Each structure stands twice: as C-alpha cells, then as structure tokens.
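Student: Need a 3D model of the following:
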Amino acid sequence: MRLLVPLFTLCAISAAQAQQPTAATITAQRDSVPVTTIVPVQQVPYTSTDTITEPAPSPPQMNHRQRREERARRYAMTIDSLVAMRSFAFYPTVMQAVPDGEIRLVYADYFYAYISPVDLEVHLPLERGAMRQVSIMNFDSDRIENYVSAKFQTQWNISFSARDDGQQYDFSLMISTVTGQTELTVEGPDGAMRYVGSIGQRSRERK
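Tutor: Numbers count the residues shown, from 1 in each chain. As a prediction, this is how the structure comes out:
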C-alpha cells in the first residue's frame, strides 16, 4: 500500500510534465527570427523616343501632278525673292533694235546686266547707226535712280534709270514668274534696244 502511493504520485507528475511545453521548445520559438524573402519584380521594357533631335516624319508622297505644281510654285518664289532683294542678273538670248530691227540670237554667255541696290553693271550687245552695226554697250554705274517695281498677277514690272559719262539710260523689265521669260528694254543715246532672256543670281562680281 505504501509503495502504490508514491508510484501513483510519480505517474501524475510525469503526465503533467508531458502536457507542458519543454524549455527547449520555448527557447527555440523565442529566439527565432523572421526571414524576409525578396522576390524580384519583372518590369516591362521601356523604349524612349527622342522628339527633339529625331527628324520629323516624312510628308505624304505627292503624285506627278502635285510634284509639277510644287516645282512651279518654288520657281515663282525664286523669282519673287530675287526681285524683292533687288539683286539679280539678266542674261539675254535675243536682241532687237526698237522698233523694227533685225531679231538676232545671242549665243555668247558673257553678256549680262547686273542689278543691285548699290550698283549696276551693263555688258550687252548693241546695234548702232543706219547700217545696224553690232557693238557692245559696256558701262558701270554706282547709282540707280527712280527704281520702281510692281507685280501684276504673275508678272513683275521694273523700271529705273542710270547714268554713264553724263548720259542717261532708262531700263524697263517685264518678268514672268510662270515661264521665267524676261524682256529688257534699254533706251539710251544711241536709240532703244530690246532684249529677251531670263534672270538669275549674280554669278560674277565686280573686280
């Protein structure tokens, strides 16, 4: 009987200890540190577009008719620009003494008239005398007077005068912005001459 009581007590203590957590288990939970797992984030590739230095998108393609119209428009703008700057050259291809002289073709490319706001250079063929002998009108002038220009639809009308050795020369130009045909009339001491040709940029400068 005495042996059963201590044995029963020992069994009860062991059962109670089995139901409680052990010191090792408590220490492990108390000392555990949470671990953070880093998961990489996949981003969508980004493509940047330079809108400052990159060329602008090409304009829509033009058909043949539109290209011809654009060339004509740009040609007219070129004529308008030359006249507006008052700096251009006249190159003759036909000459005729006014009013009923023989029409002559001009093949030499060294004939011209240079017009600018500050000077005038004239080097043009000329007919003189009753026999209509061909000579050259050749002079420079540092002063252009009475310069007037006006545009009527597709034609420029320009007039001015200049002097050489005290003799006055009057110039009159009719310039088409469609065909480029230019008519120059020069009235001087030896009569009047009419030239047909075209205008362009000054390719030679006075030396």
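Student: Confirm residue 193 sits in a helix?
Tutor: No. Looking at residue 193 with DSSP: H, G, I helix; E, B strand; the rest coil, it is strand, so not inside a helix.
Student: pLDDT score assigned to the closest residue to it other than its chain neighbours?
Tutor: Leaving aside its chain neighbours, residue 193 sits nearest to residue 186 (5.1 Å; criterion: Cβ to Cβ, 6 or more residues apart in numbering). C-beta: built from backbone N, CA, C; applies to glycine. Per-residue confidence at residue 186 stands at 97 (pLDDT).
Student: so residue 186 touches residue 192, yeah?
Tutor: Yes. Between residue 186 and residue 192 there is a contact under Cβ atoms under 8 Å: 6.8 Å.
Student: Mind checking which of the two has more residues around it?
Tutor: Comparing residue 186 with residue 192 by other Cβ atoms under 10 Å, the one with more neighbours is residue 186, at 22 against 15.
Student: Mind listing the strands the strand or helix carrying that one pairs with, and their directions?
Tutor: Secondary structure assignment for residue 186, by DSSP states H and E: strand 182-188. Using DSSP bridges, the strands paired with strand 182-188 in its sheet are strand 167-176 (antiparallel), strand 191-200 (antiparallel).
Student: Include mean pLDDT when you put those into CSV, please.
Tutor: Formatted as CSV, the strands paired with strand 182-188 follow (pLDDT from 0 to 100):
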stretch, mean pLDDT
strand 167-176, 97
strand 191-200, 96
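Student: follow-up on the earlier one: can you show me the CA trace of the strand holding residue 186 as PDB?
Tutor: The C-alpha atoms that make up strand 182-188 are tabulated as PDB, following Å, rounded to 0.1, in the frame of the first residue of the first chain:
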ATOM      1  CA  THR A 182      12.200  88.400-119.200                       C
ATOM      2  CA  GLU A 183      12.100  91.300-121.500                       C
ATOM      3  CA  LEU A 184      14.500  94.200-121.000                       C
ATOM      4  CA  THR A 185      14.200  97.500-122.900                       C
ATOM      5  CA  VAL A 186      17.100 100.000-122.700                       C
ATOM      6  CA  GLU A 187      16.800 103.500-124.100                       C
ATOM      7  CA  GLY A 188      20.000 105.400-124.400                       C
END
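Student: Name the surrounding residues that touch it.
Tutor: 90, 92, 98, 113, 122, 124, 137, 167-176, 192-199 (Cβ atoms under 8 Å, 6 or more residues apart in numbering).
Student: can you give me the helices for the chain?
Tutor: With DSSP state H as the criterion, the chain has helices at 4-19, 23-31, 64-85.
Student: Report the central residue of the chain.
Tutor: residue 74 (12.0 Å; Cα atoms, centre = their mean).
Student: gap between that one and residue 68?
Tutor: Using Cβ to Cβ, to the nearest Å, residue 74 is found at 11 Å from residue 68.
Student: how close does residue 87 sit to residue 103?
Tutor: 30 Å.
Student: okay, these two: which has more neighbours?
Tutor: For residue 87 versus residue 103, the count of surrounding residues by other Cβ under 10 Å is larger for residue 87: 15 against 10.
Student: Would you report the backbone torsion angles of the more buried one?
Tutor: Main-chain torsions, residue 87, degrees, to the nearest 10: phi -140, psi 100.
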